[in-house]
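**Q** got a sequence here, can you build the structure:
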Amino acid sequence: MKLKRKKYFNINNSKEDYGFGLVDAIVSMSLLAAVITYGIYFSSLRLSTVYDANLIRSINKEIDRDIERLKSDFWSMYFIESQGKYSLTRNQCADFTEQIVDLESWKLEDNPFNRMIQSWRPDAKRSKVFTGQSVLITRELKITTPLDQQVLNKSIAKIGYRVQWGKKNIHWLSISLGPDAHAWCDQAI
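**A** Numbering: from 1, shown residues only. Next up, the predicted model:
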């Protein structure tokens, strides 16, 4: 018994069987366009996430540098190097607001309306992320008493940092600092 096989490949019709048709070409082009579009979208999304992460890291470093400058100035406030000790008057122990706003590290801009609020725009020298000066960092000083007791002296500086970039205005950080010299003041506790 002899089996008959059908021929699926005919040499005479080979030109008609190979290649894509119009529908196949349109479908493959639309799939290619969709893959390229999603690739561009997700890579731009990733780049914006990386940019935001770098910006946040640079803002944190800028605020950290500012805090370290203030801590250094607080440490040296009222310190007399020749005697090797702190020298304070009773008025200076009661409230040291004026001494803080007169510090060189506090004076960033001349703000005649409110010296307790200072703002600055970090530039590209600090970080390449800050090009275009799109970031504004503002610090605000509030002087309070320890443990919020009104009978105690006003020796705690609460400094609040706000950051603005784009349409965002975010309360970034609040810290409480006190000069080392106030350890030498008479306390009411």
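**Q** can we go C-alpha only for contacts and neighbour counts from here?
**A** Noted.
**Q** for stretch 164-178, buried residues please.
**A** Along stretch 164-178, these residues count as buried under the neighbour rule (16 or more other Cα atoms under 10 Å): 164, 172, 177, 178.
**Q** adding secondary structure, write those residues out as a markdown table.
**A** Shown next, in a markdown table, are these (DSSP: H, G, I helix; E, B strand; the rest coil):
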| residue | secondary structure |
| --- | --- |
| 164 | strand |
| 172 | strand |
| 177 | strand |
| 178 | coil |
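**Q** save the residues you listed as JSON lines, and put in distance to residue 53 and pLDDT too.
**A** Shown next, in JSON lines, are the buried residues of stretch 164-178 (distance: Cα to Cα, whole Å; pLDDT from 0 to 100):
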{"residue": "164", "distance to residue 53": "15", "pLDDT": "92"}
{"residue": "172", "distance to residue 53": "15", "pLDDT": "94"}
{"residue": "177", "distance to residue 53": "28", "pLDDT": "79"}
{"residue": "178", "distance to residue 53": "31", "pLDDT": "73"}
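**Q** where does residue 120 sit relative to residue 136, distance-wise?
**A** For residue 120, the distance to residue 136 (Cα to Cα, to the nearest Å) stands at 6 Å.
**Q** actually, residue 22.
**A** The spacing between residue 22 and residue 136, counted by Cα to Cα, is 57 Å.
**Q** look at the two and report which has more neighbours.
**A** Ranked by neighbour count (other Cα atoms under 10 Å), residue 22 and residue 136 place residue 136 first, with 17 against 8.
**Q** longest single helix anywhere in the protein?
**A** Among the elements of the chain assigned as helix by DSSP state H, the one spanning the most residues is helix 22-76.
**Q** now, which of the buried residues of stretch 164-178 sits nearest residue 126?
**A** Using Cα to Cα, residue 164 comes nearest to residue 126 of the buried residues of stretch 164-178, at 17.1 Å.
**Q** next one: stretch 24-43 to chain centre, how far?
**A** Remark: stretch 24-43 is offset 36 Å from the chain centroid, using Cα atoms, centre = their mean, to the nearest Å.
**Q** for stretch 141-149, same thing?
**A** On Cα atoms, centre = their mean, the centre of stretch 141-149 falls 27 Å from that of its chain.
**Q** do the same with stretch 53-64
**A** For stretch 53-64, the separation from the chain centroid amounts to 4 Å (computed by Cα atoms, centre = their mean).
**Q** distance of residue 97 relative to residue 170?
**A** Distance of residue 97 to residue 170, given as Cα to Cα: 25 Å.
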